[in-house]
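Asker: Okay, structure incoming, though there's no sequence with it:
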């Protein structure tokens, strides 16, 4: 069967599309993710719960919990936007509280949402109303008096309440919301642990907190990151996540913040074992443009870091080649040269150098990228 035939089959019936698993975080993949639902309803998204900035930081500080903002955003990115979906529920979970009103007014607004007296809740089904009532009640019962409500995402508050209602775990409330919005794929965090990312820099200093590493709220580090760790031990990867990883048709390390989105996902105990348990292709798609986290870090070094991090759970005698394919467009990267190709050959890593050019030289074309991944997964 030709590559185009595979794509046509997926577009005709996305429910039969391959299970593409992405290790990611943040918003870099959201546009691609939304388009992906046109090709497959079986994508899997494992996200980092270590965001330490923005509204997620307020919730983490108040409840000593993992970050849920990226989780909620990715769920909304794969929500069913057809007539069979539930746009009123998506609108509710995406709604953010105003930033220009007093705290007392904002708390009253959340109380109205919890009681079902807000138009956004009134427009939803009885199932959504029950979820809002139960989870926002748990949130309001435990929220500190000094909590800053400004700009808070209602979806994040609902997930927080669900986390508190279910022994401080996320899977149950994520499953509930996935069903409500008819999520066209699976979204989970790699761990529910409340931990921070710690980056060790070339000069030996350390930086703690994802928001400092990404430089989205602070100045760029302007130093090479030589190691990334967690602030404490993580619980072992749960059975469902292990199965999702080891059984996926394709494992993808996509564009995005290299350390805080991709490498961070590989740090929890057991992730590397699950990846190595899979006989399916593992594809690295390097960033285009400038990633502040990759200061003075070559493409070869990125691949080495990926392999080392994935293999951290293995003994030295069992160390394997974790990444076996690099997917990119050499017309968009000057470092896809003879030396790099020789390195890949020596490591028995295949280079998929194909047309992925989009309208902007710093971004891959989403459709071309998705179709390339599908063809790899089904070949």
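Answerer: Now that the structure is in, tell me what you want to look at. Predicted model only: the values in this text are computed from it and were never measured. Residues are numbered from 1 along each chain as shown.

Asker: Pull the number of nearby residues for residue 134.
Answerer: Neighbour count for residue 134, taken as other CB atoms under 10 Å: 17. Using the backbone N, CA and C atoms, a C-beta is placed for each residue, glycine as well.

Asker: should've said residue 35
Answerer: The tally of other residues near residue 35 (other CB under 10 Å) stands at 14.

Asker: tell me the contacts of it?
Answerer: Counting by CB atoms under 8 Å, 6 or more residues apart in numbering, residue 35 touches 366-367, 370.

Asker: contacting residues around stretch 191-210?
Answerer: Contacts of stretch 191-210 (CB under 8 Å, 6+ apart): 48-53, 60, 64-66, 163, 168-171, 213, 221, 223-232, 234-235, 237, 259-260, 264, 268, 296.

Asker: Which members of those are classed as buried?
Answerer: 48-53, 60, 65-66, 163, 170-171, 213, 221, 224-225, 228, 230, 234, 237, 259-260, 264, 268 (16 or more other CB atoms under 10 Å).

Asker: The stretch 251-379 of the chain: helices as residue ranges?
Answerer: 271-276, 299-310, 338-347, 366-378 (DSSP state H, counting those that start in this stretch).

Asker: from those, which stretch is densest packed?
Answerer: helix 271-276 (a mean of 22; mean count of other CB atoms under 10 Å).

Asker: Now do the phi/psi pair for residue 24.
Answerer: For residue 24, the backbone dihedrals (degrees, to the nearest 10) come out as phi -150, psi -170.

Asker: unless I'm mixing things up, it is touching residue 261, no?
Answerer: Yes. If you go by CB atoms under 8 Å, residue 24 and residue 261 touch, sitting 5.4 Å apart.

Asker: more crowded one of those two?
Answerer: residue 261 (29 against 26).

Asker: okay, the more buried one: pLDDT?
Answerer: On pLDDT, residue 261 comes in at 96.

Asker: separation between the nearest residue to it once chain neighbours are set aside and residue 216?
Answerer: What sits nearest to residue 261 in space, not counting adjacent residues and going by CB to CB, 6 or more residues apart in numbering, is residue 25, at 3.8 Å. Per CB to CB, to the nearest Å, residue 25 is found 12 Å from residue 216.

Asker: One more: residue 72?
Answerer: As judged by CB to CB, residue 72 and residue 216 stand 18 Å apart.

Asker: which one of those two has more residues nearby?
Answerer: Between residue 72 and residue 216, counted using other CB under 10 Å, residue 72 has the larger neighbour count: 24 against 16.

Asker: what about that one, is that helix, strand or coil?
Answerer: helix (DSSP: H, G, I helix; E, B strand; the rest coil).

Asker: so what's it up against?
Answerer: 93, 153, 155-156, 159, 177.

Asker: Likewise for residue 182?
Answerer: By CB under 8 Å, 6+ apart, residue 182 lies in contact with 79-80, 84-86.

Asker: out of the contacts of stretch 191-210, which are inside strands?
Answerer: 225-230 (DSSP state E).

Asker: Could you work out the most separated pair of the residues you listed?
Answerer: For those, the maximum inter-member distance is 16.0 Å, found between 226 and 230 (CB to CB).

Asker: Can you get me a residue count around the closest residue in space to residue 42 that isn't next to it in sequence?
Answerer: Leaving aside its chain neighbours, residue 42 sits nearest to residue 19 (4.4 Å; criterion: CB to CB, 6+ apart). Here the number of neighbours of residue 19 (other CB under 10 Å) works out to 19.

Asker: Residue 98 and residue 217: what is the separation?
Answerer: 21 Å.

Asker: Could you do residue 261 as well?
Answerer: Distance from residue 261 to residue 217, by CB to CB: 16 Å.

Asker: And residue 331, by the same measure?
Answerer: Residue 331 is 34 Å from residue 217, by CB to CB.

Asker: got it, and residue 173?
Answerer: 27 Å.

Asker: More neighbours: which of these two?
Answerer: Under the criterion of other CB under 10 Å, the comparison of residue 173 against residue 217 puts residue 173 first, with 23 against 13.

Asker: right, and the more buried one touches residue 157 too?
Answerer: No. With contact defined as CB under 8 Å, residue 173 does not reach residue 157; the gap is 11.3 Å.

Asker: still on that earlier bit, looking at the helices of the stretch 251-379 of the chain, spot the one closest to residue 360.
Answerer: helix 366-378 (11.2 Å).

Asker: From the contact counts, what lies against the closest one?
Answerer: helix 3-12, strand 20-24, helix 30-36, strand 250-253, strand 325-328 (3 or more CB pairs under 8 Å, 6 or more residues apart in numbering; DSSP states H and E).

Asker: How far off centre is the last one?
Answerer: It refers to strand 325-328. 20 Å (CA atoms, centre = their mean, to the nearest Å).

Asker: Then stretch 137-145?
Answerer: The answer for stretch 137-145 is 27 Å, by CA atoms, centre = their mean.

Asker: One more: stretch 177-189?
Answerer: With CA atoms, centre = their mean, you get 13 Å for stretch 177-189.

Asker: list the buried ones in that stretch?
Answerer: 177-178, 180-189.

Asker: Same check on stretch 102-113?
Answerer: For stretch 102-113, by 16+ other CB under 10 Å, it's 106-107, 109-110, 113.

Asker: Same check on stretch 122-129?
Answerer: Buried residues in stretch 122-129 (16+ other CB under 10 Å): 124, 128.

Asker: From the rest of the structure, what touches it?
Answerer: 86, 88-89, 91-92, 116, 121, 132, 180.

Asker: redo that, cut-off 6 Å
Answerer: 88-89, 116, 180 (CB atoms under 6 Å, 6 or more residues apart in numbering).

Asker: and the end-to-end length of it?
Answerer: The first residue of stretch 122-129 is 8 Å away from its last residue (CA to CA, to the nearest Å).

Asker: Over to stretch 91-108?
Answerer: 20 Å.

Asker: Many thanks, I have nothing further to ask.
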